[in-house]
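1. After the sequence you'll find the predicted model.
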Amino acid sequence: MNLFSLNQPSNSPAQAIDRLLNSYAHFGVNLGLENSLHLLQALKNPQKRVQIIHVAGSNGKGSVCAYLSSILATAGHRVGCYTSPHLVQWNERICINEKPIADADLLRALQAVEANIPQGLVPTQFEVLTAAMWLYFSQQKVDIAVIEVGLGGRLDATNVVDDPLMTIVTSISLEHTERLGDTLAKIAGEKAGIIKPGVPIVIGPMPTEASAVITRRAYDLYSPMSFPQSAVALEAGWAMYEGFELFDIEDEGVALVPRALTFELPLQGAVQLDNVALAIAASLLLRQDGWEITNEALTSGISQTRWTGRLQWYNWRGRKILIDGAHNADSVKALRSFIDETPAEGRIHWVMGMLATKDHEAMLTELLRSGDSVYFTPVPGHKSANLLELVNLAKTIQSDLARVWVFDDVMRALQAATDEVERGDRLVLCGSLYLVGDFLGRERG
């Protein structure tokens with residue numbers, strides 16, 4: 001039954017997509033699989049016709065998905081990729097070979113989902129969009145899909161496949177504690193929910209309290225575990241992975257041989273040495289299972305990876321600014337580390353917007369230093385943190401700030417910061433992926 005039929009004509013497919021999805025937004029977040037399973041059953045279970053790699057974690061999920069999608073596409077496979085949130089348009093979440101779904105195709109898939117909502121079922125926005133993703137990837141007959149968990153793992157709407165090719169858990173930190181639990185162990189338990197019996201899992205660096213939960217769950221389910229070491233940074237944006245290559249021996253099966261891969265690493269920040277290692281390890285496991293992925297596809301795919309809005313240099317009105325969607329303690333730590341790797345003579349001007357649900361104290365403590373300037377702005381379309389409370393908190397954490405200002409719009413904040421920047425200073429836009437997305441969307445017009 002179509003509970004939320006949109007009878008008004010749309011001016012464009014994109015506007016119709018916005019209206020359709022926004023009609024489900026007020027149902028919030030539903031951690032549970034019942035709605036998704038009923039909805040997918042009504043659609044004849046398209047998820048059962050898609051082979052997937054399922055990726056969970058607190059940070060790094062999107063980067064790992066981007067690396068894997070690029071590697072697999074370069075290797076000649078038809079690759080679906082599902083990530084969230086988007087920065088500018090809904091289409092960014094659903095891609096095949098790194099090309100976002102067309103407006104008309106996305107609208108068609110969403111309308112098919114809406115037309116098949118069972119009587120009495122009230123799905124959330126994410127459940128509707130995720131069902132549309134499964135339907136589209138099934139119809140397009142992708143060879144493989146890289147699927148990012150939306151929230152948590154165990155009860156996430158993406159966790160409806162019993163036999164993925166592989167699972168990956170990138171990292172675990174305190175996040176969404178109101179929904180996932182207030183300890184690393186509890187959060188790890190939710191992430192561990194994507195692990196399936198006998199299915200290989202690739203595990204990233206994480207605190208011992210979290211890794212103990214992940215490894216115990218994998219052990220109980222007889223899931224082979226891989227713990228890849230980080231790639232090694234070389235000079236001028238290059239890196240090396242000292243992993244293992246599999247090769248065939250006539251009449252003797254396969255053998256493991258030490259092998260070093262050297263590649264250009266396009267994404268910024270030391271944390272990418274961990275993320276790219278997870279993607280390489282996953283690719284080698286696929287190769288072991290018979291997937292065609294050459295070393296050349298690995299290195300070329302990595303070098304062609306793009307992941308917008310994460311430690312990205314951007315030219316804004318003649319001024320180079322760093323934009324990053326860092327929005328929790330670990331991601332801002334990575335941002336701070338990246339900035340500290342390239343020290344400059346001047347000060348840092350932070351243009352920030354944060355959601356009300358984030359740990360503002362932890363984020364500001366990690367980022368702010370003596371002499372910095374901060375320009376707080378709301379996050380459009382979302383429940384932002386109280387700006388005056390952020391001002392007081394910033395002054396308490398770092399009493400020697402050059403200035404702390406509040407603006408009602410990110411563009412005004414950026415312009416004010418640009419007017420104050422002197423030679424050697426740096427300008428950074430951060431605090432929320434939604435803020436970065438709003439900025440980029442307005443830049444594109």
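-> Nice, thanks for sending it over.
2. Run through the stretch 201-350 of the chain and note the low-pLDDT ranges.
-> Within the stretch 201-350 of the chain, the stretches with pLDDT under 70 are 244-258.
3. now the strands: where do they sit in it?
-> 201-203, 225-226, 232-233, 238-248, 254-264, 312-316, 319-323, 348-352 (DSSP state E, counting those that start in this stretch).
4. Dump the ones you listed into JSON lines; add mean neighbour count and distance to residue 302 as well.
-> To be clear about C-beta, it is placed using only N, CA and C from the backbone, and glycine gets the same treatment. Shown next, in JSON lines, are these (neighbours: other C-beta atoms under 10 Å; distance: least, C-beta to C-beta, whole Å):
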{"stretch": "strand 201-203", "mean neighbour count": "26", "distance to residue 302": "16"}
{"stretch": "strand 225-226", "mean neighbour count": "14", "distance to residue 302": "18"}
{"stretch": "strand 232-233", "mean neighbour count": "14", "distance to residue 302": "14"}
{"stretch": "strand 238-248", "mean neighbour count": "16", "distance to residue 302": "9"}
{"stretch": "strand 254-264", "mean neighbour count": "13", "distance to residue 302": "5"}
{"stretch": "strand 312-316", "mean neighbour count": "14", "distance to residue 302": "17"}
{"stretch": "strand 319-323", "mean neighbour count": "17", "distance to residue 302": "22"}
{"stretch": "strand 348-352", "mean neighbour count": "26", "distance to residue 302": "30"}
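5. In JSON lines, list those along with distance to residue 121.
-> Listed next are these as JSON lines, based on distance: least, C-beta to C-beta, whole Å:
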{"stretch": "strand 201-203", "distance to residue 121": "32"}
{"stretch": "strand 225-226", "distance to residue 121": "37"}
{"stretch": "strand 232-233", "distance to residue 121": "50"}
{"stretch": "strand 238-248", "distance to residue 121": "45"}
{"stretch": "strand 254-264", "distance to residue 121": "46"}
{"stretch": "strand 312-316", "distance to residue 121": "40"}
{"stretch": "strand 319-323", "distance to residue 121": "39"}
{"stretch": "strand 348-352", "distance to residue 121": "40"}
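6. ok, residue 111 - how many residues close by?
-> When neighbours are counted by other C-beta atoms under 10 Å, residue 111 registers 17.
7. right, and it touches residue 19 too?
-> No. Taking C-beta atoms under 8 Å as the definition, residue 111 is not a contact partner of residue 19, at 11.7 Å.
8. If I follow the layout properly, residue 167 ends up in contact with residue 56?
-> Yes. At 7.3 Å, residue 167 counts as touching residue 56 under the criterion of C-beta under 8 Å.
9. Comparing the two, which residue is more hemmed in?
-> residue 56 (31 against 28).
10. Need the phi and psi values for the more buried one.
-> The phi/psi pair for residue 56 (degrees, to the nearest 10) reads phi -120, psi 170.
11. before we move on, what about residue 403?
-> Per degrees, to the nearest 10, the backbone of residue 403 is at phi -160, psi 150.
12. quick one: contacts for it?
-> Residue 403 sits next to 373, 374, 420 when contact means C-beta atoms under 8 Å, 6 or more residues apart in numbering.
13. helix or strand for the second one, which one?
-> Spelled out, that is residue 374. Residue 374 is part of strand 373-376, with elements assigned from DSSP states H and E.
14. going on from that strand, what's the next piece of helix or strand?
-> Taking DSSP H and E, what comes next after strand 373-376 is helix 387-397.
15. Which residues are in contact with the residue lying closest to residue 270 once chain neighbours are set aside?
-> Excluding the flanking residues, the one nearest residue 270 by C-beta to C-beta, 6 or more residues apart in numbering is residue 337, at 5.9 Å. With contact taken as C-beta under 8 Å, 6+ apart, residue 337 is in contact with 269, 270, 271.
16. Select only the buried ones of those in ChimeraX?
-> Listed next is the ChimeraX selection for buried residues among the contacts of residue 337, using 16 or more other C-beta atoms under 10 Å:
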select :269,271
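17. Save the contacts of residue 337 as JSON lines, and put in distance to residue 139 too.
-> Below are the contacts of residue 337 laid out as JSON lines (distance: C-beta to C-beta, whole Å):
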{"residue": "269", "distance to residue 139": "37"}
{"residue": "270", "distance to residue 139": "40"}
{"residue": "271", "distance to residue 139": "36"}
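18. Of the contacts of residue 337, just say which sits nearest to residue 158.
-> residue 271 (23.1 Å; C-beta to C-beta).
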